[in-house]
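Asker: model this:
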Amino acid sequence: METIQNLVEYYDELYPVTKDQYDFYAYLMEQYAKPVKFLNIGCGTGVMENYLAKQMTDVTGLETIKELLESATRKHRNQLMALRFFKMSTIEMVRFLGKNFYNVISCLNDRIIFIHDRTLLRKFFFDCKQLLADDGMIVLQLANYNLYKSKTVSVLPEIKTTRVTLTSKLEYVSEEESLLSRNIKNGSGKVLPVYQKTSVYPITPSEIEEYAKESGFTSIEYFADFKRNPFTEKSPSMVVIIK
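Answerer: Sure, this is the predicted structure:
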C-alpha cells in the first residue's frame with residue numbers, strides 16, 4: 001500500500017537539489033554541444049528539471065506518481081523553456097521517446113530500486129542505451145546496498161529536516177524479493193506512512209556494472225557523492241556515471 005501523498009508536502013525538503021548537485025550538472029553540460037538534452041527518470045517535484053531548463057537545455061521529466069507530477073507541472077510556469085513532464089514508467093519510455101536523442105539520462109534519489117526485479121532492470125539499461133546519443137551517459141544516485149545485503153532487515157539512514165524525519169526499513173525476503181517500508185514523522189510526533197512493504201530491488205555496484213556492460217556501455221565510474229569524492233566499500237551512498 002502506498003500513501004505517497006504524505007510525502008509530497010515535504011518532498012523538496014527531504015530531497016533538496018544541493019549546490020554540489022548543481023555544480024555536478026553544470027560540469028556535465030560542458031561536455032556536450034548546446035542545447036544539452038536531459039531525460040530525468042523519477043523527476044519528483046521538478047526542481048532540478050526547472051533549473052536545467054533555465055540553462056537553455058532541453059529537459060524531459062518522467063514520473064509515475066501523480067501527486068509528484070502535479071507538483072512538477074505547477075512549477076513549470078515559463079512556457080518558453082524546453083521543458084516537459086510525462087506520467088510514464090521506464091517500461092514505456094523506449095516506445096514513446098526519441099531514440100539516440102538524449103545526452104544525459106538521470107535517475108536520482110534511489111528511484112532506480114523501484115524497478116523491482118532483475119529482468120526489468122536489465123531492460124532499463126538496454127532501453128537507456130537506445131535512448132542515448134552515441135556519446136551519452138547515465139547518472140544514477142542511490143544508497144550503497146552492499147552495506148545491507150547481509151541482513152534480513154535493515155534500517156536505512158534517516159533523512160531529517162527542520163520539520164520532519166523520513167525513516168526507512170528494508171526487508172530481504174529472498175534473492176529476488178525485497179520490501180521497503182517508509183514513514184514520515186512530523187514535528188508533532190505523528191507518524192505518516194509513505195510506503196508499506198513495497199517491492200523494490202536494492203541493486204548493488206556489481207549488478208550495475210553487469211547490467212550496464214550487457215547493454216553495451218563500456219565505462220562506469222563510481223563516486224561517493226556529487227563532489228566526486230572517491231567511492232569505497234564503506235561509502236553510504238554512490239553516484240554512478242555510465243557511458
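Asker: what ranges do the strands span in this structure?
Answerer: Assigned by DSSP state E, the strands in the chain fall at 37-41, 58-63, 83-87, 102-107, 132-143, 153-160, 164-172, 178-186, 191-200, 220-223, 237-242.
Asker: In CSV, list the C-alpha atoms belonging to the fourth one.
Answerer: The one in question is strand 102-107. Extracted in CSV, the C-alpha atoms of strand 102-107 (Å, rounded to 0.1, in the frame of the first residue of the first chain):
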residue,chain,number,x,y,z
TYR,A,102,19.4,12.3,-25.1
ASN,A,103,22.9,13.3,-23.9
VAL,A,104,22.2,12.6,-20.2
ILE,A,105,19.7,10.2,-18.6
SER,A,106,19.4,10.6,-14.8
CYS,A,107,17.7,8.5,-12.1
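Asker: now that strand: mean pLDDT?
Answerer: Across strand 102-107, the average pLDDT comes to 98.
Asker: Pull up the pairing partners for it, direction included.
Answerer: Strand pairing for strand 102-107, using DSSP bridges, gives strand 37-41 (parallel), strand 132-143 (parallel).
Asker: buried residues in the longest helix anywhere in the chain?
Answerer: Ranked by residue count under DSSP state H, the longest helix found in the chain is helix 118-131. In terms of neighbour count (16 or more other Cβ atoms under 10 Å), helix 118-131 has its buried residues at 121, 122, 123, 124, 125, 127, 128, 129, 131. (C-beta placed from N, C-alpha, C; glycine too.)
Asker: which one of the residues you listed sits closest to residue 178?
Answerer: Nearest to residue 178 among those: residue 121, at 12.6 Å, using Cβ to Cβ.
Asker: So for the residue in the chain sticking out farthest from the centre, what pLDDT did the model give?
Answerer: In the chain, residue 188 marks the outermost C-alpha relative to the chain mean, sitting 29.7 Å out by Cα atoms, centre = their mean. Residue 188 carries a pLDDT score of 87 in this model.
Asker: State the mean pLDDT of stretch 74-88.
Answerer: 83.
Asker: ok, residues contacting it?
Answerer: The contact list for stretch 74-88 (Cβ atoms under 8 Å, 6 or more residues apart in numbering) reads 35, 43, 45-47, 49-50, 52-54, 56-64, 66, 69, 72-73, 96.
Asker: Out of those, which end up buried?
Answerer: The neighbour count (16+ other Cβ under 10 Å) marks 43, 45-47, 49-50, 52-53, 57-64, 69, 72-73 as buried among the contacts of stretch 74-88.
Asker: got a list of what the most centrally placed residue in the chain touches?
Answerer: Among the residues of the chain, residue 108 comes closest to the average C-alpha position under Cα atoms, centre = their mean, at 2.3 Å. Residue 108 is in contact with 40, 42, 48, 139, 140, 141, counting by Cβ under 8 Å, 6+ apart.
Asker: give me that answer again for 6 Å
Answerer: By Cβ atoms under 6 Å, 6 or more residues apart in numbering, the contact list for residue 108 reads residue 141.
Asker: So what does it look like in phi/psi?
Answerer: Dihedral angles of residue 108 (phi, psi; degrees, to the nearest 10) stand at phi -110, psi 180.
Asker: For residue 230, which residues count as its bridge partners?
Answerer: Beta-bridge partners for residue 230, by DSSP bridges, are residue 223.
Asker: burial count for it?
Answerer: Residues lying near residue 230 (other Cβ atoms under 10 Å) number 9.
Asker: which residues of this protein score low on pLDDT?
Answerer: Residue ranges of the chain with pLDDT under 70: 1-2, 76-79.
Asker: how about 50 then?
Answerer: For the chain, residues meeting the criterion pLDDT under 50 lie at 1.
Asker: what separates residue 227 from residue 3, distance-wise?
Answerer: Look at residue 227 and residue 3: by Cβ to Cβ, to the nearest Å, they are 34 Å apart.
Asker: Since that was my last question, I'll sign off now.
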